[in-house]
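> Predicted model and sequence follow; I will ask about them next.
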Amino acid sequence: FIFNKWEYKPTLEIGYRRENFDFGDWQAPVQKAEPKIYYALIGLTKDFDLLSTYLFIGVTHINYNASLIEVHPYLYHGRHIGIEEDLFTIKIGGYKLWKAWKFQTGPEIGLEIFPKAPEISRCRNVKFLPVFPSVGWRIQY
């Protein structure tokens, strides 16, 4: 949501996404992370002739939904274990929008930056990069 027609517009972005990572091998055929990611970001957007750019800060909540079962020796570590964390988030990016009925829509490119990289530390350690590039399609009201 963009709240006004100022040069630097106060902006709120909320979102949800799911991801699926499978690290299974012969020793641990079930070795997955299926994160559910929720985020709320606030910041400023500036419109230019060719595109609009933004800078946001906020919080990302990640539930990793980790699963791990080893076969030799057989060890059941659990399925969809709710390992969760909240991370400070910075997001920069740009987009181009066209009017479509009551909405605006168009391509977007962004970069999410986490000063503390997302990670799972249990019997296996999984560490994500602290920078997530993204390309997508934006729908804005």
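The structure has been received and is ready for your questions. Numbers count the residues shown, from 1 in each chain.
> contacts and neighbour counts: CA atoms only from here.
Will do.
> residue contacts, Leu44?
Tyr8, Lys9, Pro10, Thr11, Tyr54, Leu55, Phe56 (Cα atoms under 8 Å, 6 or more residues apart in numbering).
> Asp86 too?
Val59, Thr60, His61, Ile62.
> With secondary structure, distance to Cys123 and neighbour count as added columns, please give those in CSV.
CSV is the format used below for the contacts of Asp86 (DSSP: H, G, I helix; E, B strand; the rest coil; distance: Cα to Cα, whole Å; neighbours: other Cα atoms under 10 Å):
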residue, secondary structure, distance to Cys123, neighbour count
Val59, strand, 27, 17
Thr60, strand, 24, 21
His61, strand, 22, 18
Ile62, strand, 19, 22
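> beta partners of the residue nearest the centre of the chain?
Centroid-nearest residue in the chain, with Cα atoms, centre = their mean: Ile37, separated by 5.8 Å. As for beta bridges, Ile37 partners with Arg17, Ile62 under DSSP bridges.
> Tyr141: what's its closest spatial neighbour, skipping adjacent residues?
Phe103 (4.8 Å; Cα to Cα, 6 or more residues apart in numbering).
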